[in-house]
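In: compute the structure for the input listed below.
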Amino acid sequence: MKGSLIKKFEVVVFYLLTAVVALYIAIEVVELFYQFGKAILTPQENSPRLLVTKEQTAMVLPVFFNILIAIELIDTFNVYIEEHSIKVQSILLIGLIAVGRKLLVLDIGHSDGITNIGLASIIIALSVGYYLVKRPEIMTKSSKK
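Out: Residues are numbered from 1 along each chain as shown. Got it, this is the predicted structure:
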């Protein structure tokens, strides 16, 4: 009885979290289209770019990556609720997307060297981890050919 109640509670929390993340995705999609439309429709006389300036791109791309992260979170929720396990590959992928988003927003030229070294270390660690997790899958695909 107790285990069944906990499982039901988990499922309710899962659906609530999924609903919140889905609402967040919907809002971010609207924000993405708004920012992108505003970037295209706002002329920039002093910009060497044709349609979208570097500053406008810096406003649009993080929103795009937020959407990707939220979609991966929903996928991770689904896997957890179905299999009661969290796939390390999904967590590493979410981390890589988040770091990529951070790199787009960060002005590397104005950040200190320790920050840059830290980001590089995180990228290397996540990439190596993703490779090590994905490697058995790659090896079995290549051996079948």
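In: helices of the chain, start to end?
Out: 2-41, 54-83, 88-105, 113-144 (DSSP state H).
In: may I see the buried residues of the second one?
Out: Burial within helix 54-83, assessed by neighbour count using 16 or more other Cβ atoms under 10 Å, is assigned to 56, 59-70, 72-73, 76-77, 81. Placement of C-beta: from N, CA and C, glycine included.
In: chain center to that helix: distance?
Out: 4 Å (Cα atoms, centre = their mean, to the nearest Å).
In: average pLDDT across it?
Out: Helix 54-83 carries an average pLDDT of 83.
In: that one packs against which elements?
Out: helix 2-41, helix 88-105 (3 or more Cβ pairs under 8 Å, 6 or more residues apart in numbering; DSSP states H and E).
In: make JSON lines out of these and add mean neighbour count.
Out: Output for the helices and strands packed on helix 54-83, formatted as JSON lines (neighbours: other Cβ atoms under 10 Å):
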{"stretch": "helix 2-41", "mean neighbour count": "13"}
{"stretch": "helix 88-105", "mean neighbour count": "16"}
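In: could you dump these into a markdown table with mean pLDDT and distance to G113 added?
Out: Output for the helices and strands packed on helix 54-83, formatted as a markdown table (pLDDT from 0 to 100; distance: least, Cβ to Cβ, whole Å):
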| stretch | mean pLDDT | distance to G113 |
| --- | --- | --- |
| helix 2-41 | 88 | 32 |
| helix 88-105 | 85 | 16 |
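In: export those helices to TSV and tack on distance to P136?
Out: Formatted as TSV, the helices and strands packed on helix 54-83 follow (distance: least, Cβ to Cβ, whole Å):
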stretch	distance to P136
helix 2-41	29
helix 88-105	11
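In: so which of the ones you listed gets nearest L126?
Out: For L126, the closest of the helices and strands packed on helix 54-83 is helix 88-105, at 4.8 Å, according to Cβ to Cβ.
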